[in-house]
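Peer 1: Please work out how this folds:
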Amino acid sequence: MISNKDLAIDKLKGILVILMILSHIYEYKFFPIKFISNFLTTYINLITFSGFMFCFGYVCYISYINKNIKTNQLRKKLLSNFFKLLIVYYISSIMYLLLVDNNFSIQSILKIILFIKLGMFSEFLLSFAFIYIFILLFYPFFKHINNNKIILLIIISLLSSFIYIPSCNYHLIGVFFSIKKIFSFPIIQYSSFFLIGIYFAKNNIIYNNKIMLISIIGTISYMLYFAINHNLPSRFPPSLFWITGSFFFIYINYLFCKKDKNKNTVLELIGNNSLLCLLISNIIIFITKRISIIFNIQNYNLIINFFLILLCFITIKLFSQKVK
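Peer 2: Model prediction:
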């Protein structure tokens, strides 16, 4: 958990965790009204990963970049977090293969372990994991980064959305760079949000007229693209309009969390245990899917799955420390 004055980031992560779980539920058609479910899932897909990257940059600046940490201690912390994310990624991916995928085999598990193929509903975890490696390798650069360099790198990241690899059989590359028709969350293309998070933390940004204007322009550009093309911007690989489309929504949620002075909230608890929450919810959803396959249930019951996800939060409450 980050410092008391920045508990807003825990709350923002809590919102994003809940939205991501809803998105995963939607994949199995739990929502009865198609228009509402399509609108909701588009909004969720637009802001969740980008929002997490923003929070990740914000927290990494406070926890590592802005602190005087000895090299050995820094290496130990970053590698520990890397392997923790990697283990959660493997658990979630293999559980998906075991409970959901019809092509479960030793070969498919080996492909996941060797990163030849990315695990479903878990691929985003690899992006966060390898950012820890980037911080470790380029720590001196991050340590002395100034606002001008951050802005320049944000621009480069946004422009990189115009470039992608046509095809590649080794899906790990998709963790770092866009590959057409591969479901991945490339660090290079999404690093603009990580850098924005660093910028916000470094400059203690809350409300800023210029940033609000930029965020509005970014989201309006997304809406204009949809209005002109009658189709959403590309998500896989992420286009410039897809990336900028979330600017306003993430900023508004950030401001909301900053203004909320309540402590020990449910959002704070969930956000502070976001990795555990996502893992448990994924396993619960996979088990539910398996049960539906066994008993040939075509229409999922939203109420039953609501209580399953509620069980996820209760489990986290029981096994996590009380939020201070």
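
Peer 1: Quick check, pLDDT for the spatially closest residue to residue 21 that is not a sequence neighbour.
Peer 2: Once flanking residues are discounted, residue 21 sits nearest to residue 281: 4.7 Å by C-beta to C-beta, 6 or more residues apart in numbering. Using the backbone N, CA and C atoms, a C-beta is placed for each residue, glycine as well. pLDDT recorded at residue 281 is 84.

Peer 1: Residue 281 in helix, strand or coil?
Peer 2: helix (DSSP: H, G, I helix; E, B strand; the rest coil).

Peer 1: Give the burial count for it, as a bare number.
Peer 2: By other C-beta atoms under 10 Å, the residues close to residue 281 number 26.

Peer 1: Check the model's average confidence along stretch 206-220 for me.
Peer 2: Rounded mean pLDDT across stretch 206-220 is 97.

Peer 1: Report the distance from it to the chain centre.
Peer 2: 21 Å (C-alpha atoms, centre = their mean, to the nearest Å).

Peer 1: before we move on, what about stretch 187-200?
Peer 2: With C-alpha atoms, centre = their mean, you get 12 Å for stretch 187-200.

Peer 1: Quick check, the residue nearest to residue 21 in contact with residue 22.
Peer 2: No: shown here, residue 281 and residue 22 do not form a contact pair, counting by C-beta atoms under 8 Å, at 9.9 Å.

Peer 1: gap between the spatially most central residue of the chain and residue 207?
Peer 2: By C-alpha atoms, centre = their mean, the mean C-alpha position of the chain lies nearest to residue 49, the distance being 3.1 Å. Separation of residue 49 from residue 207 (C-beta to C-beta, to the nearest Å) stands at 24 Å.

Peer 1: And for residue 130?
Peer 2: 33 Å.

Peer 1: Kindly report the same for residue 64.
Peer 2: Residue 64 is 26 Å from residue 207, by C-beta to C-beta.

Peer 1: and what of residue 260?
Peer 2: 14 Å.

Peer 1: Looking at the two now, which is surrounded by more residues?
Peer 2: Of the pair residue 260 and residue 207, residue 260 is the one with more neighbours under other C-beta under 10 Å, namely 15 against 11.

Peer 1: With adjacent residues omitted, what lies nearest to that one?
Peer 2: Leaving aside its sequence neighbours, residue 260 sits nearest to residue 11 (C-beta to C-beta, 6+ apart; 6.3 Å).

Peer 1: burial count for that neighbour?
Peer 2: 25.

Peer 1: Also residue 90?
Peer 2: By other C-beta under 10 Å, neighbour count at residue 90 equals 16.

Peer 1: which strands and helices sit next to the strand or helix carrying it?
Peer 2: Secondary structure from DSSP states H and E places residue 90 in helix 71-99. In terms of contacts (3 or more C-beta pairs under 8 Å, 6 or more residues apart in numbering; DSSP states H and E), helix 71-99 is packed against helix 106-113, helix 123-137, helix 274-294.

Peer 1: shouldn't residue 88 be in contact with residue 124?
Peer 2: No: Residue 88 is beyond contact range of residue 124, at 11.2 Å (criterion: C-beta under 8 Å).

Peer 1: Which one's more surrounded, those two?
Peer 2: residue 124 (22 against 19).

Peer 1: Quick one: residues contacting the nearest residue to the more buried one once chain neighbours are set aside.
Peer 2: Leaving aside its chain neighbours, residue 124 sits nearest to residue 185 (4.8 Å; criterion: C-beta to C-beta, 6+ apart). Taking C-beta atoms under 8 Å, 6 or more residues apart in numbering as the contact definition, residue 185 lies against 49, 123, 124, 127, 175, 238.

Peer 1: Next one: residue 185 from residue 205, what distance?
Peer 2: On the measure of C-beta to C-beta, residue 185 and residue 205 end up 24 Å apart.

Peer 1: where are the low-confidence patches of the stretch 201-324 of the chain?
Peer 2: 296-324 (pLDDT under 70).

Peer 1: Do you have the helices of it handy? List them.
Peer 2: 209-229, 240-244, 247-259, 266-272, 274-294, 302-319 (DSSP state H, counting those that start in this stretch).

Peer 1: any chance of these in CSV, plus distance to residue 140?
Peer 2: Compiled in CSV, the helices of the stretch 201-324 of the chain are given as follows (distance: least, C-beta to C-beta, whole Å):
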stretch, distance to residue 140
helix 209-229, 28
helix 240-244, 28
helix 247-259, 29
helix 266-272, 30
helix 274-294, 28
helix 302-319, 37
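
Peer 1: ok, back up a step: which of the helices and strands packed on helix 71-99 sits closest to residue 224?
Peer 2: Among the helices and strands packed on helix 71-99, the nearest to residue 224 by C-beta to C-beta is helix 123-137 (27.3 Å).

Peer 1: Quick one: distance of the closest one to the chain centre.
Peer 2: 12 Å.

Peer 1: Outside of it itself, list whatever touches it.
Peer 2: 49, 52-53, 56, 60, 64-65, 74-75, 78-79, 81-82, 85-86, 88-89, 92, 115, 118, 142, 172, 174-176, 183-187, 190, 194.

Peer 1: Give me the buried subset of the residues you listed.
Peer 2: 49, 52-53, 56, 60, 64-65, 74, 78, 81-82, 85, 88-89, 92, 115, 118, 142, 174-176, 184-187, 190, 194 (16 or more other C-beta atoms under 10 Å).
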